[in-house]
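Novice: I would like the atomic coordinates for the input below:
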Amino acid sequence: MSELLDEKTLLEQTEAKPFMARIPVYLRLSGPGFLQSACTIGGATLGASLFLGVMVGYQGLWIQPVAMLLGLTMLTVIVYITLSTGERPFRAINRHINPVLGWGWLIATIAANMIWGLPQYNLAAGALTQNVLPELLGPGKPLGGENGTLGMGIASGLMAAMAVTVIWFYKGRSAGVKLFEGLIKLIVVLIVLCFVIMVIKLVTTGGLPVGEVLAGFVPDPKLLFQPADVYMPVLERCGESAGFWQHRIVNTQRDIIYASIASAVGVNMTFLLPYSILARGWGKAHRTLAGFDLFMGLLLPFAFVTSCLVIVSGAVFHGHYDEQHINYSFVQQGMDAANPQYRANLIAVTESTMGRDGWAQLDANGKAESLDATPRADREMASMLIRRSDKDLSATLTQLFGTSIGRVVFGIGVFFVALSTATVLMLINGYAVCEALNREHTGLTWRIGSLLPVVSVIGPFFWGHMAAYLVVPTSVIGLMMLPVAFWSFFLMLNSRSVLRDACPRGVKGLLINTIVGAITVLFTILSVWAMWGKAVTKGTPGRVGLILTLCLLLIAVLVTHITTHARSSGADRDRTADTGS
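Specialist: Predicted coordinates:
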């Protein structure tokens, strides 16, 4: 308690100084923002950044920093509300705003923890079986099994065991747990440094077009509607199949952009931050410090790290195709020996021109001849659009260390990044379950709640074929849930029953509400757009189902809003009557 009082006194004394003079004090007292950064720069961010570079290249460098800036604005809002009231946000939303939004936020957080856990185990299993121990855990190897299933089971089981061990003893803050956390931070720093060195190497050797890189930080929303520039010359040569490729490229770009946005600020991370701040005993005196903490500890490191990842993966993969794919003969070398995704892409474009029935009527030899007759432009595009696996992505470091060492370094880094993210997801889930049951964040309830995301260990067995790319669809789902949190924060910011005198007022309040409202509406549009895109693939039933779900949710919010505020007004009248009597 005395330390906290001294901290408040120091902050009060610092407020009178010029901003530059406050920075050393703020850096010394910072904490939650850097913790948030360690949580955010995890498996989802790593995968989304690498795939963004592969698919969009330097043109996509603006996406994650802008997404983080917008998300950080909303995080600042919930931090301001939490520090102004000292009340737990979940309970405040239920009491003052709307129980549907409060419970929606909590349920979305738990769902996000479960969903985002899936790609972490996929990443970890792929890292160990493809990069670190492929000769032991790979397909057909001693511990890999005939098709690699046993190896994936061992790899994902190892990560689950490590995560459960950390969680079970986490509250005790034992020396072993501290050593584990320090090791994770060290590994993450090392893997990031590797990519930073790669960027420096690319710059010094002239392999990096600095002008294109700098231009990539200028927002370019057209990537949501048309292919990146690198695909345009090939599309012009594709003839009648150009429409098929354009549709596939735009849809893939869109999903990866959605994933990149969602991995910047997930709905579950919005739940973690206010509770971590309350745990530190921060209050109104810490509001300026909290904003600085988020900027220095979260925005800058995240923008720097993701930019390096996008630059390196873009330089190695974006717009590149493999001549071995182009020259592959399906008649002479067989269908099964071809790269599965390259083959699938060629079959898809062939079906688009001759029809599925026409393709199905061909015998095995006819199908092979048809694929061999595919024009070169289509072959180039089919090769460009192959989803990269952990083994492929590790090639981004081979230029720095050599093939074997680069592969192992990448694999170890990915494994520990995935492990740290899975552990944090479990921590958040423990807090969420305790809030749902109105329990303190300690004891058996917290531990059991924390263990629920371990069910994600099944990921490699059901979606192992997607490898690292699983971070993309799971992150898109995370984006769909984010508006629940943002609307809750926006309404709390304008609730006098929540903030009382701390409610933003006047011109400043109008400006703040305009910015926060615009961000909330923007993310709502992106979320609904993403949901609509997925519903369209299910046909009319999918569209109808989505519309009905959104209507029912809106009705539930309105009904609970009316009943909650009627109850609150009645309670206020009773208190007034009691006071008057």
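Novice: Which parts of the stretch 1-150 of the chain are helices?
Specialist: 2-15, 19-29, 32-40, 43-55, 63-85, 89-92, 99-126, 134-137, 149-168 (DSSP state H, counting those that start in this stretch).
Novice: How far off centre is the fifth one?
Specialist: Using CA atoms, centre = their mean, to the nearest Å, the mean C-alpha position of helix 63-85 is found 16 Å from that of the whole chain.
Novice: circling back to that earlier point, mean pLDDT for the helices of the stretch 1-150 of the chain: which is lowest?
Specialist: Set side by side, the helices of the stretch 1-150 of the chain differ in mean pLDDT, and helix 2-15 is lowest with a mean of 64.
Novice: burial count for the closest residue to Ala436 other than its chain neighbours?
Specialist: Once flanking residues are discounted, Ala436 sits nearest to Leu106: 5.8 Å by CB to CB, 6 or more residues apart in numbering. Bear in mind the C-beta positions are built from the backbone N, C-alpha and C, glycine included. Other residues within reach of Leu106, judged by other CB atoms under 10 Å, total 23.
Novice: One more: Leu452?
Specialist: Counted with other CB under 10 Å, the neighbours of Leu452 add up to 18.
Novice: measure it to His441 for me?
Specialist: Distance from Leu452 to His441, counting by CB to CB, to the nearest Å: 15 Å.
Novice: follow-up on the earlier one: please determine how far the residue nearest to Ala436 is located from Gln332.
Specialist: Counting by CB to CB, the gap from Leu106 to Gln332 is 59 Å.
Novice: give the contact list for the residue nearest to Ala436.
Specialist: By CB atoms under 8 Å, 6 or more residues apart in numbering, Leu106 lies in contact with 90, 271, 432, 435-436.
Novice: residues in contact with Ile93?
Specialist: The contact partners of Ile93, by CB under 8 Å, 6+ apart, come to 99, 101-102, 105, 488, 492.
Novice: Thought Gly533 was touching Arg254, still the case?
Specialist: Yes - counting by CB atoms under 8 Å, Arg254 touches Gly533, with 7.0 Å between them.
Novice: And these two? Which one has more around it.
Specialist: Legend: neighbour count by other CB under 10 Å for Arg254 and Gly533, higher for Arg254 (18 against 14).
Novice: In terms of helices and strands, where is the more buried one?
Specialist: Arg254 belongs to helix 242-264 when assigned by DSSP states H and E.
Novice: continuing past that helix, what's the next helix or strand?
Specialist: Assigned by DSSP H and E, the successor of helix 242-264 is helix 267-279.
Novice: what's the spacing between that next one and its chain's center?
Specialist: Here helix 267-279 is found 16 Å from its chain centre; the criterion is CA atoms, centre = their mean.
Novice: next one: stretch 356-374
Specialist: Chain-centre distance of stretch 356-374: 40 Å, with CA atoms, centre = their mean.
Novice: Identify each buried residue in that stretch, please.
Specialist: Across stretch 356-374, burial judged by 16 or more other CB atoms under 10 Å covers 359, 367-368, 370-371, 374.
Novice: any low-confidence regions in the stretch 351-500 of the chain?
Specialist: The model of the stretch 351-500 of the chain has pLDDT under 70 over residues 389-404, 406, 463-469.
Novice: just so I have it, where are all the helices in it?
Specialist: 356-361, 364-372, 376-384, 390-393, 395-401, 403-436, 443-451, 459-463, 471-493, 496-499.
Novice: what's the following helix or strand after the last one?
Specialist: Looking back up the chat, that one is helix 496-499. Next along the chain after helix 496-499, taking DSSP H and E as the criterion, comes helix 506-536.
Novice: Of the helices of the stretch 1-150 of the chain, which is nearest Ser313?
Specialist: Closest to Ser313 of the helices of the stretch 1-150 of the chain is helix 43-55 (CB to CB; 3.1 Å).
Novice: Point out the other helices and strands that the closest one packs with.
Specialist: If contacts are counted by 3 or more CB pairs under 8 Å, 6 or more residues apart in numbering; DSSP states H and E, helix 43-55 sits against helix 63-85, helix 99-126, helix 242-264, helix 300-317, helix 403-436, helix 471-493.
Novice: In a markdown table, list these along with distance to Val56.
Specialist: Output for the helices and strands packed on helix 43-55, formatted as a markdown table (distance: least, CB to CB, whole Å):
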| stretch | distance to Val56 |
| --- | --- |
| helix 63-85 | 8 |
| helix 99-126 | 19 |
| helix 242-264 | 6 |
| helix 300-317 | 8 |
| helix 403-436 | 21 |
| helix 471-493 | 13 |
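Novice: Quick check on Asp322: phi, psi?
Specialist: Per-residue torsions, Asp322: phi -100, psi 120 (degrees, to the nearest 10).
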